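**Q** Mind looking at a prediction? Sequence and model below.
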Amino acid sequence: MPHVRRHVTALTVLATSLALAGAGLLPPAEAKQTAPGTERVTFTQWDFGDGDPGGSYAGAADSGGALTMTTPATQRSYTDPYASTPAPVTYDESTWTSPEVSTSFGLTELVASWIAHTPGGSWVETTVQGVAEDGTTSKWYVLGRWADHDDATPSFHPTSVGGQADALATVSVDTLVTLNDHAFDRYRIRVSLLRPQGSAVTPRVDMVGAMASRVPDLKQHLAPPTTMTETKVLDVPTYSQEIHVGDYPQWDGGGEAWCSPTSTSMVVASWGTGPTPADYSWVTTDHPGHQDPWVDYAARHTFDYRYDGAGNWPFNTAYAAEFGLEGFVTRLRDLTEAEAFIRAGIPVVTSVSFKSSKLDGAGYSTNGHLMTIVGFTRSGDVVVNDPASHLVASDDQVRVTYDRQQFTDAWIGHTGGIAYVIHPESVPLPAAPAESNW
């Protein structure tokens, strides 16, 4: 039985492929499967705080260390399907489009990340366009519509976008996935800035990035030898998602559904920041004496209304950025890369899947779950904050040590090493490998 409702890309894509085939749009082929070999992954970042990153601007400018609106390039009518009374709202719109990025391997999956601030009912949309191996240029696929406010602003609810599949690719919640044996050799990212028509506010985008990857079947991936010379465990607080079972059904009801915001909350708090008591006072008013109310706050503010859950990957890293942190989604190739982050003092949130018999000490099975690597033993076993540990509703039960090979199978073998990296600008990332994935 799945532990948390988190999309499983391969299954979603297979279902989409079969549906398209049935509609006569595709031959009956499965999702793109790479040949056995080395995982290929890159992360490309455009940081507006580091100067003009290039690309093309339409009604936008790199100003004050961020992408902002100038004279809007166009208007867009948008009806929020999740508003209490859906009605069209007209927005001014400006865009920035990245330079074209080439890959040497042909990407089959892509996840975007962003750091943005959206005052006064404004919001941002991130889209991607690819060029397939046969030279075909794709349409623009929407990877997320987001704002750092929630349903307190009734005209807009952060959301992924469904129904985008065509002969080249689809979008599974937050992940572009190519279809029908296609791969994209090149891609561009576009950021749209939107504000209520006539408003003087502007969204600010500090950074946008994209993790492009081609991941072979790594279910039998052998864990590399550890690079640790001593046990190192970071000071990351332990929060249990199980404390929140039944909380706020409108944001997926806590417990099993809240592994991602719980993990993100642990990392945000480890950097000495997060929502204030005034921010989450509505939780303590609803539930006097409720433990870890900042997790409820995070679930509300990472919630994806179409996905109907708080497990959207870039929504979680964007949420962390609301507190002055930098965050992005990438793939790490193995535990030695995670060890480099731990030595740099940076915990890593990981996306895993496993049966209880395959991860000793977990006490449950899951088709999709988030937990945080906080350290390693000298022998290389993985010290984690697992918010679902033994499904016990206690913060004291969250810290667990898992076997190195078993954790590799659960993480690299099932999600290709998906990870959230969240850190202050003052804490530098470790040196990146030659094919940089951060």
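**A** Here it is on my side, so go on.
**Q** mind listing the helices for the protein?
**A** Here the chain has its helices, by DSSP state H, at 9-22, 259-270, 281-286, 293-301, 313-321, 335-343, 404-415.
**Q** among these, where is the model least confident on average?
**A** Of all the helices of the chain, the minimum mean pLDDT falls on helix 9-22 (a mean of 41).
**Q** Distance check, the residue nearest the centre of the chain against residue 270.
**A** Geometric centre of the chain, nearest residue: residue 313, 1.8 Å, by C-alpha atoms, centre = their mean. Using C-beta to C-beta, to the nearest Å, residue 313 is found at 19 Å from residue 270. Where C-beta positions appear, they are placed from N, C-alpha and C, glycine not excepted.
**Q** Only C-alpha atoms, please: export stretch 316-323 in PDB.
**A** Output of stretch 316-323 as PDB, limited to C-alpha atoms (Å, rounded to 0.1, in the frame of the first residue of the first chain):
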ATOM      1  CA  ASN A 316       8.800  22.700  -1.700                       C
ATOM      2  CA  THR A 317      12.200  24.300  -2.600                       C
ATOM      3  CA  ALA A 318      10.400  27.500  -3.600                       C
ATOM      4  CA  TYR A 319       8.700  27.500  -0.200                       C
ATOM      5  CA  ALA A 320      12.100  27.200   1.600                       C
ATOM      6  CA  ALA A 321      13.300  30.300  -0.400                       C
ATOM      7  CA  GLU A 322      10.500  32.400   1.200                       C
ATOM      8  CA  PHE A 323      12.800  32.400   4.300                       C
END
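**Q** Off-centre distance for it?
**A** Counting by C-alpha atoms, centre = their mean, to the nearest Å, stretch 316-323 is centred 10 Å from the centre of its parent chain.
**Q** before we move on, what about stretch 412-429?
**A** 10 Å.
**Q** List the buried residues for that stretch?
**A** The neighbour-count criterion (16 or more other C-beta atoms under 10 Å) identifies 412-423 as the buried residues of stretch 412-429.
**Q** mind showing which ranges of the stretch 151-300 of the chain have poor pLDDT?
**A** For the stretch 151-300 of the chain, the stretches with pLDDT under 70 are 151-155, 218-219.
**Q** The residue nearest to the centre of the chain - nearest residue in space that isn't next to it in sequence?
**A** residue 329 (4.6 Å; C-beta to C-beta, 6 or more residues apart in numbering).
**Q** wait, that neighbour sits on residue 417?
**A** No - at 11.1 Å, residue 329 does not count as touching residue 417 under the criterion of C-beta atoms under 8 Å.
**Q** and the closest residue to residue 324 other than its chain neighbours, backbone torsions?
**A** Distances taken as C-beta to C-beta, 6+ apart put residue 273 closest to residue 324, at 6.4 Å, once the chain neighbours are dropped. When read as degrees, to the nearest 10, the backbone of residue 273 gives phi -140, psi -180.
**Q** Show me what the longest strand seen in the chain is packed against.
**A** When the chain is parsed with DSSP state E, its longest strand is strand 184-196. If contacts are counted by 3 or more C-beta pairs under 8 Å, 6 or more residues apart in numbering; DSSP states H and E, strand 184-196 sits against strand 66-69, strand 88-97, strand 101-107, strand 109-117, strand 123-132, strand 204-214.
**Q** Could I get those strands in TSV, plus columns for mean neighbour count?
**A** Listed next are the helices and strands packed on strand 184-196 as TSV, based on neighbours: other C-beta atoms under 10 Å:
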stretch	mean neighbour count
strand 66-69	23
strand 88-97	20
strand 101-107	18
strand 109-117	25
strand 123-132	22
strand 204-214	24
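**Q** could I get these as a markdown table with distance to residue 144?
**A** What follows is those, written out as a markdown table (distance: least, C-beta to C-beta, whole Å):
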| stretch | distance to residue 144 |
| --- | --- |
| strand 66-69 | 16 |
| strand 88-97 | 15 |
| strand 101-107 | 18 |
| strand 109-117 | 7 |
| strand 123-132 | 5 |
| strand 204-214 | 11 |
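**Q** between those, which gets nearest to residue 229?
**A** In terms of C-beta to C-beta, the element of the helices and strands packed on strand 184-196 nearest to residue 229 is strand 204-214, at 29.9 Å.
**Q** Show me how far the closest one is from its chain's centre.
**A** Distance of strand 204-214 from the chain centroid (C-alpha atoms, centre = their mean) equals 10 Å.
**Q** try stretch 145-164
**A** The answer for stretch 145-164 is 15 Å, by C-alpha atoms, centre = their mean.
**Q** Break this protein into its domains for me.
**A** Using automatic domain parsing, the domain parsing of the chain gives 9-214, 232-423.
**Q** Tell me how far the longest one lies from the chain's centre.
**A** Meaning domain 9-214. Distance, stretch centre to chain centre, for domain 9-214: 13 Å (C-alpha atoms, centre = their mean).
**Q** same check, this time on stretch 382-392
**A** With C-alpha atoms, centre = their mean, you get 20 Å for stretch 382-392.
**Q** before we move on, back to that, would you check which pair of the buried residues of stretch 412-429 lies furthest apart?
**A** 413 and 423 (26.2 Å).
**Q** closest to residue 240 among the buried residues of stretch 412-429?
**A** Distances from residue 240 to the buried residues of stretch 412-429, taken by C-beta to C-beta, are shortest for residue 420, at 18.8 Å.
**Q** right, and the closest one touches residue 265 too?
**A** No - proximity of residue 420 to residue 265 does not meet the contact threshold set by C-beta under 8 Å, at 11.8 Å.
**Q** separation between the closest residue to residue 110 other than its chain neighbours and residue 186?
**A** In space, and not counting its chain neighbours, residue 110 is closest to residue 176: 4.3 Å by C-beta to C-beta, 6+ apart. Relative to residue 186, residue 176 is positioned 13 Å away (C-beta to C-beta).
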